[in-house]
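Peer 1: below: sequence and its predicted model.
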Amino acid sequence: MDFLIASFRLDWEKRHTLYQKRENTYREPGIRSDVSPVEADCACYTCQNYSRAYLSHLFRGNEMLAGTLASIHNIHFIVNLVKKIRQSILDDNFEEFRDSFLNNYKK
Ligand SMILES: [Zn+2]
């Protein structure tokens with residue numbers, strides 16, 4: 001639980017940073033008309049109900065809902081990441097999982 005609280009605080013301090021394969025995509029050109037979710041393969045409430053264009057709109061307007069939706073996605077992301085790490089350790093392939101993850105999510 002401390003891990004989740006730390007993650008939430010980190011999100012809040014970063015001001016609307018979303019954990020995703022491409023960092024800060026809400027600032028990319030063309031994002032205002034992008035109706036795809038933050039992460040296509042994410043099952044969180046935010047990704048299932050809101051588009052990147054709408055989140056971009058919320059971020060640009062400094063709307064409080066932006067932080068809430070970002071936190072929902074980020075907490076879901078962290079919980080699933082920890083589950084995948086645990087499973088990779090049990091399957092004895094953590095190093096492969098780590099390398100794959102860092103290739104997709106590294107800046
Ligand atoms: Zn999501």
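Peer 2: Happy to help now that I have it. These numbers come from a predicted model, not from an experiment.
Peer 1: buried residues in the helix or strand hosting residue 100?
Peer 2: Element membership for residue 100 (DSSP states H and E) is helix 94-105. Neighbour counts over helix 94-105 (16 or more other C-beta atoms under 10 Å) mark residue 97 as buried. Where you see a C-beta, it was placed from the backbone N, CA and C, and this is true even at glycine.
Peer 1: which strands and helices sit next to it?
Peer 2: On a contact count with 3 or more C-beta pairs under 8 Å, 6 or more residues apart in numbering; DSSP states H and E, helix 94-105 meets helix 64-90.
Peer 1: quick one: is the helix it packs on near the ion?
Peer 2: Yes - Helix 64-90 reaches the ion (C-beta under 5 Å from the ion) through residue 73.
Peer 1: cool, stretch 37-50 as well?
Peer 2: Yes - residues of stretch 37-50 contacting the ion under C-beta under 5 Å from the ion: 42, 44, 46, 47.
Peer 1: going by distance to residue 33, which of the residues you listed wins?
Peer 2: residue 47 (17.9 Å; C-beta to C-beta).
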